[in-house]
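with the input below, show me the fold.
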Amino acid sequence: MSRTKPPTYGALPWRIGGKGALEVLLIHRPAHGDWSIPKGKADPGETGPECAEREVREETGLQCRLGAELPTIRYEDSKRRIKSIRYWAAAAGPGRFTPNEEVDAVRWLSLPAALRTVTEPRDRPAIIALGTLLQLELGIRPVPKREKMLLLVRGAEMTKRDEWDPAAGSRPLARIGEQAARSLASLGAVFDIERIVSAPSIRCLETVAELARRESLVVERSEHLAAGSLAATLDLVAKARGTGTVLCTHEDVMADVLAHLIHHDRTVLTKRFRVRKGSAWVVTGDRTRYHSAYYLPLSPADLSTALDLSPALDISPAADLRAAV
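You can find the predicted model right below:
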């Protein structure tokens, strides 16, 4: 019988390097002979974020400021114990590394190099998630080799009914909906998108139209992504395992799919369901099951909150970003 162990907490330090490229910090643990993300167990009375900050400080010598929570990792060890690791993005601050018994080396790496270097494949979604969020917020293209994942997208916000003349035809997306659609289209720089399937509503079709244009793909319309077709929707989701697929649907359908993945695939979600209009969930896994899913805000208002890149941190301009790390 599997037993669940207390969670481990960690953070992935990031900075903008001297050439303006995104870099993340990995640690080398001699006892394990691996390259990994800083992490550890919480002390009595310590919260998860407090533990993550302390572990980064103790293992790397760096001060850091936590931002977005990254995908939680859950796995079964050799003793059939269920282990979980919660990760956060961490904007790196001042500090100096000193080799110690637990960590004998650290290395700042580009995201492609970090994905090749990290020892455990289960840590890769956290690295990819950080790169995706920073791509949207700062316009940095972090991963030249694009990844194949499932993107569950909720249709973006439309113009209010009382602000649109029915004689002009179907209601278009509102300005904030158009911004979310453009943010979605930019994800082609990060993900290898092979197929786009949308519910037949105008809201959903317009949400993915720009992405389809940039990726030279034809949007497939499917009634299975409309409300009332959950079994068929789940079949689409299952067939998308291991491929680069975008499914654009409605709030209730997306919530039902996420609930199914939690119970059927034992998928780990980074936080409570959030299905705000124009938002997306990036679902990672292989051809057998989906392992984790992380929320990807696509509206400008959501992005700065998720990354904790507020003006108070004074790290919005590129020059300030380099100075802060």
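
distance from the host helix or strand of Pro49 to the middle of the chain?
In the assignment (DSSP states H and E), Pro49 maps to helix 48-60. Helix 48-60 has its C-alpha centroid displaced from the chain centroid by 21 Å (Cα atoms, centre = their mean, to the nearest Å).

right, and the helix or strand after that helix?
strand 62-69.

mind listing what's buried along that next one?
Within strand 62-69, the residues that count as buried by 16 or more other Cβ atoms under 10 Å are 62, 64-69. Backbone N, C-alpha and C define where each C-beta goes, glycine included.

quick one: low-confidence parts of the stretch 51-200 of the chain?
For the stretch 51-200 of the chain, applying pLDDT under 70 flags the ranges 136-147, 163-170, 189.

what segments of it are strands?
Listed in chain order, the strands of the stretch 51-200 of the chain (DSSP state E, counting those that start in this stretch) span 62-69, 73-76, 81-95, 105-110, 150-154, 195-198.

before we move on, what about the stretch 201-325 of the chain?
Ranges of strands in the stretch 201-325 of the chain, per DSSP E, counting those that start in this stretch, are 220-221, 245-249, 268-269, 280-285, 290-296.

still on that earlier bit, which of the buried residues of strand 62-69 sits closest to Glu50?
For the buried residues of strand 62-69, the closest approach to Glu50 (Cβ to Cβ) belongs to Leu66, at 9.4 Å.

buried set for the helix holding Pro49?
Neighbour-count burial for helix 48-60 flags 48-49, 51-57, 59-60 (criterion: 16+ other Cβ under 10 Å).

re the thing from before, in CSV, list the strands of the stretch 201-325 of the chain along with mean neighbour count and distance to Lys41.
Shown next, in CSV, are those (neighbours: other Cβ atoms under 10 Å; distance: least, Cβ to Cβ, whole Å):
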stretch, mean neighbour count, distance to Lys41
strand 220-221, 14, 47
strand 245-249, 27, 37
strand 268-269, 20, 19
strand 280-285, 24, 25
strand 290-296, 24, 21
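
tell me the angle of the helix holding Pro49 relative to strand 62-69?
Angle between the axes of helix 48-60 and strand 62-69 is 140 degrees (criterion: axes from the mean of the first three to the mean of the last three Cα atoms, to 10 degrees).

does anything pack onto helix 48-60? Which helices or strands?
Here helix 48-60 touches strand 8-16, strand 22-29, strand 39-40, strand 62-69, strand 81-95, going by 3 or more Cβ pairs under 8 Å, 6 or more residues apart in numbering; DSSP states H and E.

go ahead and confirm Arg65 touches Ala89.
No. Using Cβ atoms under 8 Å, Arg65 is not in contact with Ala89; the gap is 9.4 Å.

ok, Ala209 touching Glu215?
No. With contact defined as Cβ under 8 Å, Ala209 does not count as touching Glu215 (11.1 Å).

quick check: Leu230 vs Arg74, distance?
According to Cβ to Cβ, to the nearest Å, Leu230 and Arg74 sit 25 Å apart.

just give the closest residue to Glu55, not the sequence neighbours.
Spatially, and ignoring its direct neighbours in sequence, Glu55 is nearest to Gly40 (4.2 Å; Cβ to Cβ, 6 or more residues apart in numbering).

bridge partners for that neighbour, pull those for me.
Counting by DSSP bridges, Gly40 is bridged to Tyr9.

give me the neighbour count for it.
By other Cβ atoms under 10 Å, 17 other residues sit near Gly40.

quick one: it and Arg203, what's the gap?
Gly40 is 45 Å from Arg203, by Cβ to Cβ.

mind checking how far stretch 128-137 is from the chain centre?
7 Å.

how about stretch 212-228?
On Cα atoms, centre = their mean, the centre of stretch 212-228 falls 22 Å from that of its chain.

same check, this time on stretch 6-19
Stretch 6-19 sits 14 Å away from the centroid of its parent chain (Cα atoms, centre = their mean).

and for stretch 210-219?
Stretch 210-219 has its C-alpha centroid displaced from the chain centroid by 22 Å (Cα atoms, centre = their mean).

with only the CA atoms kept, save that stretch in CSV.
Taking Å, rounded to 0.1, in the frame of the first residue of the first chain, the C-alpha atoms of stretch 210-219 are listed here in CSV:
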residue,chain,number,x,y,z
GLU,A,210,-4.5,34.2,-34.7
LEU,A,211,-2.6,31.2,-33.3
ALA,A,212,-3.8,29.0,-36.2
ARG,A,213,-2.7,31.7,-38.7
ARG,A,214,0.8,32.0,-37.2
GLU,A,215,1.3,28.2,-37.1
SER,A,216,-0.2,27.7,-40.6
LEU,A,217,-2.9,25.4,-39.2
VAL,A,218,-6.6,24.9,-39.9
VAL,A,219,-8.8,25.1,-36.9
